[in-house]
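Engineer: quick check, what structure comes out for this input:
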Amino acid sequence: MADSKKLEKDVFGTLPDGRKVERIVLRGEGGFEARIITHGAVIQALIAPDAKGNYDDVALGHDAFAGYLAERKFFGATVGRYANRIANGQFSLDGETFQLPVNNGPNALHGGLDGFDRKLWEIAEIDDGTEPAVTLTYTSPHGEENYPGKLDVRLTYLVTGPAELSLIMEARTDRPTIVNLTNHSFFNLEGATSGTSILDHRLSVAADHFLAIDPTAIPLPEPPRSVAGTPFDFRDAQAVGARIRESHEQLRNGKGYDHTYCLGRDGKLALAARLEAPRSGRIMELFTDQPGLQVYSGNYLDGTISGKGGKLIRQSDAMCLEPHMWPNSPNRPDFPSPRLDPGGIYRHHTVYRFAVRSP
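Structural biologist: Numbers count the residues shown, from 1 in each chain. Now for the predicted structure:
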């Protein structure tokens, strides 16, 4: 792939039924690249500079398509219809109860058994201009995974700065339904094949409250808790691992950090989190208009699969920062509502901005 082009497209793999999985490469300045594949609308790679001007991939995943097909680990995937968990896989809408497949203990997780991360999205538009972009679409039929309504989803990845990737998602429905989409990238800012933990990455989160969870990761029936005086206080930058092994009920329930931070965005794009790697000096700032940010410290990565470079992926090898609605919100009228009606538009805007630490 020639570096001089802002956008390129090739075939990344083939599904068992013969359909081709395409890869689109979007380029910014220098060696910044975002590589997107149409299976799961996945961010397959993010190539970003370090403080010495070297470029490396900072998103965990696989070098070849076979890895994505073999294991459903959500590496870089677009998750839906409902990201995160719904208690007992059940919710009611206008007096009708819907039972979703349960696939995470007693709960429904990340769209069920065959969510958006397992679908082949279509390329609707490509723009190879100054802000290279690709728009992908997927239509989820009424009743898919038992969700009501036909849902038309439109997702655009575009390079909006020298080392900045923006993600814009929209969805429309033909009958009342619920929607909650996110990108599920696993980041290690030292590099996807560095073999290092993210526990020494420094994290800050622009939130005063978080959602306490039960042992199945469903929010407790209480208001959001203050982060003050707890291991969940990242209002000032802290090493991810500084307090992760403290004897705290919520760290036990999440096996580490696996909690939603309450951002209170009101639909406006704003800084939600900042992550910095100590050795490479890479910094990622995440902006979003979503009301919640799931902070996940890779607690369930157990070394059973290998990723890029053939390296085994182990606990805390990566961190997820997932902007979305609050978990189980269809069953919590006190939470931001995920309801979408005909004529309305679900919108989600997230920006990943990369920089380096000043000398």
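Engineer: doesn't residue 202 make contact with residue 237?
Structural biologist: Yes: in this structure, residue 237 is within contact of residue 202 by Cβ atoms under 8 Å, at 4.5 Å. In short, each C-beta sits where N, CA and C put it, glycine included.
Engineer: quick check: neighbours shared by those two?
Structural biologist: residue 276 (Cβ atoms under 8 Å, 6 or more residues apart in numbering).
Engineer: show me which of these two is the more surrounded one.
Structural biologist: residue 202 (19 against 13; other Cβ atoms under 10 Å).
Engineer: what bridges to that one?
Structural biologist: residue 239, residue 276 (DSSP bridges).
Engineer: mind listing the helices for the stretch 251-359 of the chain?
Structural biologist: With DSSP state H, counting those that start in this stretch, there are no helices along the stretch 251-359 of the chain.
Engineer: any weak-confidence spans in it?
Structural biologist: Applying pLDDT under 70 to the stretch 251-359 of the chain flags residues 359.
Engineer: that one: strands as residue ranges?
Structural biologist: 258-262, 270-276, 282-288, 292-296, 319-324, 339-340, 346-356 (DSSP state E, counting those that start in this stretch).
Engineer: mind listing the strands the fifth one pairs with, and their directions?
Structural biologist: I take that to be strand 319-324. strand 186-187 (antiparallel), strand 292-296 (antiparallel).
Engineer: now swap in the first one and tell me
Structural biologist: In the sheet containing strand 258-262, its partner strands are strand 209-210 (antiparallel), strand 292-296 (antiparallel), by DSSP bridges.
Engineer: is residue 132 in contact with residue 161, as I believe?
Structural biologist: No: counting by Cβ under 8 Å, residue 132 stays clear of residue 161, with 11.9 Å between them.
Engineer: just want to know which of these two has more residues nearby.
Structural biologist: For residue 132 versus residue 161, neighbours defined as other Cβ under 10 Å are more numerous around residue 132 (23 against 15).
Engineer: got the confidence number for the more buried one?
Structural biologist: pLDDT, residue 132: 98.
Engineer: give me the three-state assignment for residue 73.
Structural biologist: coil (DSSP: H, G, I helix; E, B strand; the rest coil).
Engineer: just residue 193 next, same as before
Structural biologist: Assignment for residue 193 (three-state DSSP): coil.
Engineer: pretty sure it sits against residue 312.
Structural biologist: No: Residue 193 lies out of contact with residue 312 (Cβ under 8 Å); the separation is 11.2 Å.
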